[in-house]
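Participant: Need coordinates for the below:
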Amino acid sequence: ENMVSALNERNEALTRETGQYEAAVKKLQENIQSLRNELEIQEKKSLALENEADEKEEALQSRFAAGYACFMAYQGLDEECRRDLSGVIRHGEDFESFICCLTQSRALEKIWDEMLACVMDGRQDSVDILDDVFNYSMSLINKTMSQPYYERLSVQEGTPYDSDLERLVPDSPNQGKVQAVYLEGFRNRYSCQIIRKSLVSL
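Facilitator: Next comes the predicted model:
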């Protein structure tokens with residue numbers, strides 16, 4: 001009887017231990033599942049970050065390529081243009097310096113004024129190069145701000161002449177509709193200040 005009693009006690013003790021082990025195993029299984037769920041979430045986040053990084057790198061490469069294309073085209077400008085712009089685009093033969101200079105807001109007015117001079121002189125090749133440089137400079141400057149600050153003035157042929165937004169080429173009639181757009185102006189988007197009017201003929 002003593003032996004049976006001892007064995008029963010031992011059996012009860014083993015049963016309790018088994019229950020404790022089963023509870024511990026269940027808890028571990030729950031923890032494992034929780035960790036798996038967390039791992040899956042982190043893997044998804046990691047994939048999203050990788051995709052975002054790839055997209056930003058692609059955008060950076062694209063912007064770098066556009067900037068370098070402008071830089072190389074700038075080297076083909078005539079000496080007069082480069083001399084006129086030397087006050088804002090210093091060391092124009094150095095790519096990094098070229099990019100840094102284009103991030104300065106005052107560069108926009110100077111580049112636009114040089115485009116105007118080229119239009120008046122009939123130097124269309126220089127106008128085309130400077131127009132690309134101007135647009136790239138504007139995009140760089142807008143990127144440095146919380147919201148885009150500058151924008152070009154869109155002018156459509158056939159629309160009525162607006163002296164508040166447009167200026168006329170020499171020998172153009174003073175009234176009528178826009179027949180040709182030689183140079184788009186630009187403005188401050190927030191103050192609505194017209195910094196340079198578009199150059200048109202009627």
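Participant: I'd like the next helix or strand past the worst-scoring helix or strand of the chain on mean pLDDT.
Facilitator: Here the helix or strand of the chain ranked lowest by mean pLDDT, DSSP states H and E is helix 2-74, holding a mean of 84. Per DSSP states H and E, the first helix or strand lying C-terminal to helix 2-74 is helix 79-84.
Participant: Run through who's touching that following helix.
Facilitator: Contacts to helix 79-84, defined as Cβ atoms under 8 Å, 6 or more residues apart in numbering, come from residues 74, 89, 92, 110, 114, 117, 118, 123, 126, 130. Yep, even glycine has a C-beta here, placed from its N, CA and C like the rest.
Participant: Which strands and helices lie in contact with the least confident helix or strand of the chain?
Facilitator: helix 95-102, helix 124-143 (3 or more Cβ pairs under 8 Å, 6 or more residues apart in numbering; DSSP states H and E).
Participant: Would you format those as JSON lines with distance to residue 28 included?
Facilitator: Shown next, in JSON lines, are the helices and strands packed on helix 2-74 (distance: least, Cβ to Cβ, whole Å):
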{"stretch": "helix 95-102", "distance to residue 28": "57"}
{"stretch": "helix 124-143", "distance to residue 28": "52"}
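Participant: Nearest to residue 8, out of these?
Facilitator: Across the helices and strands packed on helix 2-74, residue 8 has its closest neighbour in helix 124-143 (81.4 Å, Cβ to Cβ).
Participant: related to what we said a few turns ago, take the contacts of helix 79-84 and write them to CSV, including distance to residue 17 and neighbour count.
Facilitator: Listed next are the contacts of helix 79-84 as CSV, based on distance: Cβ to Cβ, whole Å; neighbours: other Cβ atoms under 10 Å:
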residue, distance to residue 17, neighbour count
74, 83, 22
89, 83, 24
92, 83, 17
110, 86, 18
114, 90, 23
117, 95, 16
118, 93, 24
123, 95, 18
126, 91, 21
130, 86, 27
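Participant: for those, which one is nearest residue 103?
Facilitator: Nearest to residue 103 among those, with distances taken as Cβ to Cβ, is residue 89, at 11.3 Å.
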